[in-house]
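> Prediction below, plus the sequence it came from.
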Amino acid sequence: MKLGAIITYALLLFSFFSPVFVSAQTNGGVSCPEAAQYYAKDSINIVTFGASTVEGVNGLSFQPLLSNNFANCYTGKIINITNQGIGGQTTRQGLLRIDNAIQNRTGFIVLNMGINDAIAMTRNVGSVAETIENMRLLITTSIKQKLVPIICTLQFVDDRTTREYIAINNNIRNINAAYRRLATEYKIYLADVNAAMR
């Protein structure tokens, strides 16, 4: 993912919850879940799990913006974010480390993974079905740990000048459609990245 895309993504995540939660408004214009006003614990723990977008690129990351958005929704609470991003990883590789990443963690988990799968598919490595099954396992593993999953759709790549990226975007479209179905199936939050960027 190019630096410009990371910056755009970081700015997008400043409004992280706008596409996810449509209910109570709080300060800062962030859209918050209605349940936020009833949250009784002193702190909120968030695991961010994925590849380079989660890890951060060239010193840029979305976690500070995510922290601000949670602070706007959960006023007076301490926000703790753990960064479990490793650049270049696929969902299959994520499965190998999810248990350690969430061990003894509580709260939320932001699952933002799959773009490297979409890229690999253009080289006939993996499939949409495999990516979806891997994401399903990431979700169910998180739920078993009593974490509240927030699944992110994948950001499209700029295919205007590189024809090979058209195939990647087709894979991303198919993955995103399946991620939406998973969010509905498991009744979990969905952060629709591309909708927020429009």
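Right, received. Where do you want to start?

> What is the neighbour count of Ile188?
A total of 18 residues lie near Ile188 under the criterion other Cβ atoms under 10 Å. The way it works is simple: take the backbone N, C-alpha and C, and place the C-beta from them, glycine included.

> give me the element the residue lying closest to it once chain neighbours are set aside is part of.
Leaving aside its chain neighbours, Ile188 sits nearest to Pro149 (4.5 Å; criterion: Cβ to Cβ, 6 or more residues apart in numbering). Here Pro149, judged by DSSP states H and E, is contained in strand 147-152.

> which outside residues touch that strand?
20, 47, 50, 102, 105-112, 135, 139, 142-143, 179, 182-183, 186, 188-191, 193 (Cβ atoms under 8 Å, 6 or more residues apart in numbering).

> If any of the residues you listed are buried, give me the PyMOL selection for them.
To isolate the buried subset of those in PyMOL, counting by 16 or more other Cβ atoms under 10 Å, use the following:
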select buried, resi 20+47+50+102+105+106+107+108+109+110+111+112+135+139+142+179+182+183+188+189+190+191+193
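
> Among the contacts of strand 147-152, name the ones in helices.
In this view, the contacts of strand 147-152 that belong to helices under DSSP state H are Ile102, Met135, Ile139, Ser142, Ile143, Tyr179, Leu182, Ala183, Tyr186, Val193.

> mind listing what the strand holding Pro149 pairs with, with the direction of each?
Paired neighbours of strand 147-152 in the sheet (DSSP bridges): strand 107-112 (parallel), strand 189-191 (parallel).

> Could you provide those in JSON lines, with additional columns for distance to Thr75 and mean pLDDT?
Output for those, formatted as JSON lines (distance: least, Cβ to Cβ, whole Å; pLDDT from 0 to 100):
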{"stretch": "strand 107-112", "distance to Thr75": "16", "mean pLDDT": "96"}
{"stretch": "strand 189-191", "distance to Thr75": "19", "mean pLDDT": "92"}
